[in-house]
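> Provided below are the primary sequence and the corresponding predicted coordinates.
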Amino acid sequence: MTYSAPEQIDWGFPPDGSIRQADGYLISGIKRQQRSDVIQNFFCKQIYERADGAMKERWFVTAKKADFQAIGAKFGIDQVTARIIRNREIIGDEAIGEYLSCSPQQLHDPHLLKDAEKGAGIIAQKIADGKKIRVIGDYDIDGVNASYILITGLRMCSARADTVIPDRVHDGYGINCGMIQKALEDGVDTIITCDNGISAASEIAFAKESGLTVIITDHHEVPFSLQENGEKIYRIPPADAVVNPKQEDCAYPFSGLCGAAVAWKFIQVLYERMGIDPERSFEMIAHAAFATVGDVMDLIGENRTIVKLGLDAVHKTENPGLLALIQQNHLEKEQIRSWHFGFVLGPCINASGRLDTAKRSLQLLLETSLDQASGFARELVELNDRRKSLTVQGFEEAKRLIETSGIANDKVMVVYLPQCHESLAGIIAGRIRELYHRPVFVLTDAEDGGVKGSGRSIEAYSMYEEMTACSHLMTKFGGHAMAAGLSMDKELVETFRKELNSHSNLTPEDFVEKIHIDVPMPLYYIRTELIREFECLEPHGKGNEKPVFAVQNVHPLRANVVGRNKNVLKLVLEDGAGGSLDAVYFGDIEAFFTFVREKYSSQQVDALMHGAPQQIRFSITYDPVIDTYLGQEKVQVIIRHYC
């Protein structure tokens, strides 16, 4: 991925067009070229190396061209909001209107999914014939919710159906021959996969040879082999129907659905075939939304609409399982945002599949009694607490190994942690990726004597494609550009590491974290009304991140470390343009003070802590928020980055 300098723009601050100076540069009333140069010189050339030396950051202003005054006037939004929408590549009145409304009418026709009608016809006939149907899902948040959607939808259609979720350790990912054999023994006629199956060609072939009907619903990349000329030859399993928008000949206009959303779309087609109002499928949209965020899908296009509508459904839900999980995390259903899906509720669903069995999570979602569901939810929260503790241990061991073994110099990190619980490999890989901003594979010992692992990537590195180049080293692998899973023989770990690095075309620039600033906005411009208006940009997540604001050369008037564990830094900041606000920082406080001491002095820091005059200045990116205390509202900022 390449990054270019910002385009020349008219910043438009303040709205009345008067000349103001803020943060060391003129932000309004000067020539367009002049403004662009000043912004570029500061934000595009500033590199900040963290105190621990782990990585560097480069700050960029995302400066897209548009008539923000006209957009603001047409849609009744502030120019800042209009600028952020443009930065998300939402262009034109129709696209902006759809982005702001997120209505059900924006959802695509499920019949466009290749084999959706064919698969629904097969299932409708199986239901009519009284055949036994088995749903085989996956053990993560996507697979659990996809299983819930399929089994709930099938039962609505009066199908004889049950569901099986693989055990992460004993079965591994996806459908396997043992599960197929068990289905035959149980008298199952038809298998429907969800969130898996597209990479199980040999297993599906075995099922077909054994007389089973198989329908695949999945969203993962279709496996392929590379010809010498670079041509990709895709391998579609020999199922009776394959519903996956990533197929080359699929006419569905949006390929970024998660597995649960694909399952939800399939149920819509099945409902129509069975004479059930497809609108009834919206009773399960909360679960499609939950999985979309939890599986870290891009919140663009249809995904953003699904999550927006799904969150609205959660705010009104009477599903005992969801309610119990929300209550056990000390939340109210009206409070739930996409962040809670990804970082509070989702990890609880995933924890059962990591440390116990994902059947617990599915049982929670299917439970009809709130009292029973509360017990299941309590167990999941406890499992997640245990998972957090084990993750910290594994992460610290991984850091120690990286710094003492030379892995820190690799373009692609392969970290072998034999004692790590295999279910935590992906989480630990993600944290290492965040720390070093490099592609990371974490491998651990498997029960079969080999190793299993998970990878997490950066934007410049397509993990699945790079793994394909050394597929001969792995017994099994799958995934997509940003994440993958694999199995291999233990003695090939070092060879795997060497081949990945020898094939890599990553450059030093790819390892510099890019902080993309939406708007350099002085503190005086922040208002409660504007912060509330920003809610129209939600839901936030991958592909539709929270907007990033920045201000240069803020002067802290005083600072104080607070909190039960002394882990929150509170400051009062002024920006030199008439703005003064409270600020909080939840990051590494000691690293922050080390940064200030090295830039200024210990005496300056002491003065800051006592509210005495000092010359400290630094720049920040931040989130503007409304802090409510004892019924009183005030604006404050949460500091994300500093330099």
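Looks like it came in fine.
> Do I have it right that Pro253 meets His108?
Yes: counting by C-beta atoms under 8 Å, Pro253 does reach His108; the two are 5.6 Å apart. In this view, the C-beta of every residue, glycine as well, is placed from N, C-alpha and C.
> Between those two, tell me which one has more neighbours.
His108 (16 against 11; other C-beta atoms under 10 Å).
> Just the element for the more buried one, please.
Taking DSSP states H and E as the definition, His108 sits outside all helices and strands.
> Surely it and Glu302 touch.
Yes: between His108 and Glu302 there is a contact under C-beta under 8 Å: 5.8 Å.
> Show me whatever sits in contact with both of those two.
Applying C-beta atoms under 8 Å, 6 or more residues apart in numbering, one finds that His108 and Glu302 are jointly contacted by Phe254.
> picking that back up, which neighbours do Pro253 and His108 share?
By C-beta under 8 Å, 6+ apart, no residue touches both Pro253 and His108.
> where along the stretch 51-200 of the chain do the strands fall?
In the stretch 51-200 of the chain, the strands defined using DSSP state E, counting those that start in this stretch lie at 56-61, 132-136, 160-164, 190-194.
> Going by neighbour count, list what's buried in the longest one.
Read that as strand 56-61. 57-61 (16 or more other C-beta atoms under 10 Å).
> That one: partners in the sheet, and parallel or antiparallel?
Sheet pairing here is set by DSSP bridges, and for strand 56-61 it gives strand 47-49 (antiparallel), strand 513-517 (parallel).
> repeat for the last one
Its sheet considered, strand 190-194 pairs with strand 132-136 (parallel), strand 213-217 (parallel) by DSSP bridges.
> most neighbours per residue, which of those?
Per-stretch averages of neighbours, counted by mean count of other C-beta atoms under 10 Å, single out strand 213-217 among these, with a mean of 27.
> Go ahead and name everything in contact with whichever helix or strand comes after that strand.
Next helix or strand after strand 213-217 toward the C-terminus (DSSP H and E): strand 224-226. With contacts defined as C-beta under 8 Å, 6+ apart, strand 224-226 is touched by 232-235, 468-469.
> how about a cut-off of 10 Å?
231-235, 248, 464-465, 468-469, 471 (C-beta atoms under 10 Å, 6 or more residues apart in numbering).
> Of those residues, grab the buried ones for ChimeraX.
In ChimeraX syntax, the buried subset of the contacts of strand 224-226 is picked out as below (16+ other C-beta under 10 Å):
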select :464,468
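> Out of the contacts of strand 224-226, list just those in strands.
Judged by DSSP state E, the contacts of strand 224-226 include 232-234 as members of strands.
> In its sheet, which strands sit next to the lengthiest strand in the chain, and in what direction?
What stands out as the longest strand in the chain, according to DSSP E, is strand 549-562. Sheet partners assigned to strand 549-562 using DSSP bridges are listed as strand 519-520 (parallel), strand 568-574 (antiparallel), strand 618-629 (antiparallel).
> and stretch 380-393, which residues are buried?
Using 16+ other C-beta under 10 Å as the burial criterion, the residues of stretch 380-393 that qualify are 380-381, 383-384, 387, 390-391.
> So the nearest residue to Tyr622 once chain neighbours are set aside: helix, strand or coil?
Closest residue to Tyr622 apart from its sequence neighbours, by C-beta to C-beta, 6 or more residues apart in numbering: Val637 at 4.1 Å. Reducing the assignment at Val637 to three states with DSSP: H, G, I helix; E, B strand; the rest coil gives strand.
> Look at Val637 and say how many residues are nearby.
Neighbour tally, Val637, other C-beta under 10 Å: 25.
> check contacts around it.
Val637 sits next to 523, 526, 549, 551, 554, 571, 573, 579, 581-585, 620-625, 627 when contact means C-beta under 10 Å, 6+ apart.
> how close does Tyr173 sit to Lys65?
Distance of Tyr173 to Lys65, computed by C-beta to C-beta, to the nearest Å: 45 Å.
> Which one's more surrounded, those two?
Neighbours per residue (other C-beta under 10 Å) separate Tyr173 from Lys65, with Tyr173 holding more: 24 against 10.
> my read: the more buried one touches Glu203, true?
No: counting by C-beta atoms under 10 Å, Tyr173 does not reach Glu203; the two are 11.3 Å apart.
> any shared contact partners between these two?
Here Tyr173 and Glu203 share the contacting residues Asn196, scored by C-beta under 10 Å, 6+ apart.
> weakest of the strands paired with strand 56-61 in terms of mean pLDDT?
In terms of average pLDDT, strand 47-49 trails the rest of the strands paired with strand 56-61, at a mean of 42.
> in which helix or strand would I find Gly587?
Using DSSP H and E, Gly587 falls within no helix or strand.
> Helices of the stretch 51-200 of the chain, residue ranges please.
Using DSSP state H, counting those that start in this stretch, the helices of the stretch 51-200 of the chain run over residues 68-75, 79-87, 93-101, 116-128, 141-156, 177-185.
> Deepest in the core, which of the ones you listed is it.
Using mean count of other C-beta under 10 Å, the stretch among the helices of the stretch 51-200 of the chain with the greatest mean number of neighbours is helix 141-156 (a mean of 28).
> okay, the angle between it and strand 132-136?
Here the directions of helix 141-156 and strand 132-136 differ by 160 degrees (axes from the mean of the first three to the mean of the last three C-alpha atoms, to 10 degrees).
> Take helix 141-156, keep the C-alpha atoms, and write them as PDB.
Provided in PDB are the C-alpha atoms of helix 141-156 (Å, rounded to 0.1, in the frame of the first residue of the first chain):
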ATOM      1  CA  ILE A 141     -18.000 -16.000  17.400                       C
ATOM      2  CA  ASP A 142     -18.800 -16.200  13.600                       C
ATOM      3  CA  GLY A 143     -19.300 -19.900  13.600                       C
ATOM      4  CA  VAL A 144     -21.400 -19.900  16.800                       C
ATOM      5  CA  ASN A 145     -23.800 -17.200  15.500                       C
ATOM      6  CA  ALA A 146     -24.000 -18.800  12.000                       C
ATOM      7  CA  SER A 147     -24.900 -22.100  13.700                       C
ATOM      8  CA  TYR A 148     -27.600 -20.300  15.700                       C
ATOM      9  CA  ILE A 149     -29.000 -18.600  12.700                       C
ATOM     10  CA  LEU A 150     -29.200 -21.800  10.600                       C
ATOM     11  CA  ILE A 151     -30.600 -24.000  13.300                       C
ATOM     12  CA  THR A 152     -33.200 -21.400  14.300                       C
ATOM     13  CA  GLY A 153     -34.200 -20.900  10.700                       C
ATOM     14  CA  LEU A 154     -34.400 -24.600  10.000                       C
ATOM     15  CA  ARG A 155     -36.500 -25.200  13.000                       C
ATOM     16  CA  MET A 156     -38.800 -22.300  12.000                       C
END
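> Would you pull up how far that helix lies from the middle of the chain?
Put simply, helix 141-156 sits 21 Å off its chain's centre (C-alpha atoms, centre = their mean, to the nearest Å).
> same check, this time on stretch 174-183
30 Å.
> avg pLDDT for it?
Mean per-residue pLDDT for stretch 174-183: 96.
> Only C-alpha atoms, please: export it in CSV.
Taking C-alpha atoms only, stretch 174-183 is exported to CSV below (Å, rounded to 0.1, in the frame of the first residue of the first chain):
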residue,chain,number,x,y,z
GLY,A,174,-14.1,-27.1,10.2
ILE,A,175,-15.7,-30.3,9.0
ASN,A,176,-13.6,-33.5,9.1
CYS,A,177,-14.0,-37.1,8.2
GLY,A,178,-14.7,-38.1,11.8
MET,A,179,-17.7,-35.8,12.0
ILE,A,180,-18.9,-37.1,8.6
GLN,A,181,-18.7,-40.7,9.9
LYS,A,182,-20.6,-39.7,13.0
ALA,A,183,-23.3,-38.1,10.9
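> For this protein, give me the ranges with low pLDDT.
Within the chain, the ranges that satisfy pLDDT under 70 run 1-55.
> Closest to the centroid, which residue in it?
By C-alpha atoms, centre = their mean, the chain has its centre lying nearest to Val296, at 2.7 Å.
> so which helix or strand takes in that one?
With DSSP H and E as the criterion, Val296 is inside neither a helix nor a strand.
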